[in-house]
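In: Kindly return the folded structure for what I paste below:
(one chain, ligands or ions: 1)
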Amino acid sequence: MDMWEKITSLAKRRGFIFPGSEIYGGLAGTWDYGPLGVELKRNIKNEFWKSMVQERSDVAGLDAAIIMNPKVWEASGHLTSFSDPLVECKKCHHRFRADQLTEKKCPDCGGDLTEPKQFNLMVETYLGVIEGEKLKTYLRGEITQGVHVNFKNILSSTRVKIPFGVAQIGKAFRNEITPGGFTFRSREFEQMELQYYVKPDLKESMEQFEYWKKERMGWYVSLGMKKENLRFKEHAKDELAHYAKAAFDIEYNAEGEWKEMEGVHHRGDWDVRRHQEFSGEDMTYFDEETKEKFLPHIIETSGGVDRATLFFLMNAYKEEKVKDGEIRTVLRLHPRLAPYKVAVFPLLANKPELVKTAKKIYDDLKKNMMVAWDDRGNIGKRYRAQDEAGTPFCVTVDFDSLEHDDVTVRDRDTMKQERVKIGELGTHLEERLKQS
Ligand SMILES: [Zn+2]
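Out: Numbers count the residues shown, from 1 in each chain. A predicted model of the protein is given here:
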């Protein structure tokens, strides 16, 4: 099995990610996050929010609607240019993205292909109750525009001054011709973004651009992504959107294949200029100090939450030889990302005094962190199960615990065990989670 298959299989087996609508045969390009996956994904989003909003004074948060006035998408250019080249096999009628094919023949049956047609990626939807009077609109193709249409609202409701940013996390939808690569290219996905408004000064804006490149790369590294698996990929001049001044992708090395995880873009003033033009609203910013009026330029950082989740999983996945030649599968997830921080076990499930003490510890810890409970099978098997879930610590209540008021704390990565007093357990775990 290659890494993609291993991750897909682990994700399904342990409840990280399931195929969407599976009992009905699934729906291509959709995925459901299971009990462990929802925690991992939420932790990633919380870390993003903490570093981009909570810890900064120059960034505000926003949560805009998924369905917007369709004029937004005229202004942003999505209705005219947000498309992929589609070809169809004349024999088996399978459809492909022309830019992903290496041969001129159908990869499935060798048949002839049609000429490429531009296929718009926006997902259509209709609002209203009366047939014929329904408003045709779209599920947002990117979360970016929700920020720009609120530029004036944010200025008037906060005390932010340029340079400042607006961060947002939310779902977006694309009618991908060929979804695939597990969750990598999905039709419904989640984005985590920053739109950072700066003066229309090339030197200053390029400094901001470089700053955000470094910040975003550093964020992935701070959460445990190996530096050698990350790189910047610059968009060639002919790949740049016509309005963009510069663009780099942060790519992850997925087993030898570099894959886009986040984009850092200098968008110029395209978005605000277009919304000013199409809405008739004045989108200029007035600088109190210099008394200048201008349309701001925008530095955007746009990351895929699902892609980050996938690559954090891949980055953490290890198969390690342990004693007696046994192999353990372990997710060495950063403790801040791990779905469960600790698992609590009574040594034996049929000894009420052990279960009672363990249950008390479990209930106490749960007030402050996600805690797993397991009382099935032998301790070795329970450790393996938690290793696979990425749980940093396991706590076992044994017969000594009843006499000495202490428990065994076992570390996921070193597999070392130590005895800790029950009364100090909460503080002990929080300290160790903080250190890592
Ligand atoms: Zn074919």
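In: Can you name every helix or strand that the lengthiest helix in the chain contacts?
Out: Taking DSSP state H as the criterion, the chain has its longest helix at helix 202-222. For helix 202-222, the elements it packs on are strand 188-198, strand 230-234, strand 246-254, strand 257-268, strand 297-304, judged by 3 or more Cβ pairs under 8 Å, 6 or more residues apart in numbering; DSSP states H and E. (C-beta placed from N, C-alpha, C; glycine too.)
In: list the helices and strands the fourth one packs on?
Out: Based on contacts counted as 3+ Cβ pairs under 8 Å, 6+ apart, the elements that strand 257-268 packs against are helix 202-222, strand 230-234, strand 246-254, strand 297-304, helix 305-316.
In: what's the residue closest to the geometric middle of this protein?
Out: Val305 (1.3 Å; Cα atoms, centre = their mean).
In: hang on, the earlier thing: list the contacts of the longest helix of the chain.
Out: Contacts to helix 202-222, defined as Cβ atoms under 8 Å, 6 or more residues apart in numbering, come from residues 47-48, 51, 163, 194, 196, 198-199, 227, 230, 232, 245-246, 248, 250, 261-262, 264, 266, 297, 299, 301, 303, 308.
In: ok, 7 Å please
Out: The contact list for helix 202-222 (Cβ atoms under 7 Å, 6 or more residues apart in numbering) reads 51, 163, 196, 198-199, 227, 230, 232, 246, 248, 250, 262, 264, 266, 297, 299, 301.
In: relative to strand 257-268, how tilted is it?
Out: Angle, helix 202-222 to strand 257-268, by axes from the mean of the first three to the mean of the last three Cα atoms, to 10 degrees: 150 degrees.
In: Report the mean per-residue pLDDT for helix 202-222.
Out: Averaged across helix 202-222, pLDDT comes to 97.
In: Any buried residues in it, and which?
Out: Buried residues in helix 202-222, counted by 16 or more other Cβ atoms under 10 Å: Ser205, Met206, Gln208, Phe209, Trp212, Lys213, Arg216, Met217, Trp219, Tyr220.
In: could you dump it to PDB, C-alpha only?
Out: What follows is helix 202-222, C-alpha atoms only, in PDB (Å, rounded to 0.1, in the frame of the first residue of the first chain):
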ATOM      1  CA  LEU A 202       4.600  48.400  -4.400                       C
ATOM      2  CA  LYS A 203       7.600  48.400  -2.100                       C
ATOM      3  CA  GLU A 204       5.500  48.400   1.100                       C
ATOM      4  CA  SER A 205       3.000  45.800  -0.200                       C
ATOM      5  CA  MET A 206       5.800  43.500  -1.300                       C
ATOM      6  CA  GLU A 207       7.300  43.700   2.200                       C
ATOM      7  CA  GLN A 208       3.900  42.600   3.600                       C
ATOM      8  CA  PHE A 209       3.800  39.900   1.000                       C
ATOM      9  CA  GLU A 210       7.200  38.500   2.100                       C
ATOM     10  CA  TYR A 211       6.100  38.800   5.800                       C
ATOM     11  CA  TRP A 212       3.000  36.700   5.300                       C
ATOM     12  CA  LYS A 213       4.800  34.100   3.200                       C
ATOM     13  CA  LYS A 214       7.100  33.600   6.200                       C
ATOM     14  CA  GLU A 215       4.300  33.700   8.800                       C
ATOM     15  CA  ARG A 216       2.200  31.100   7.000                       C
ATOM     16  CA  MET A 217       5.100  28.700   6.300                       C
ATOM     17  CA  GLY A 218       6.200  29.100  10.000                       C
ATOM     18  CA  TRP A 219       2.700  28.200  11.200                       C
ATOM     19  CA  TYR A 220       2.800  24.800   9.500                       C
ATOM     20  CA  VAL A 221       6.300  24.100  10.900                       C
ATOM     21  CA  SER A 222       5.200  25.200  14.400                       C
END
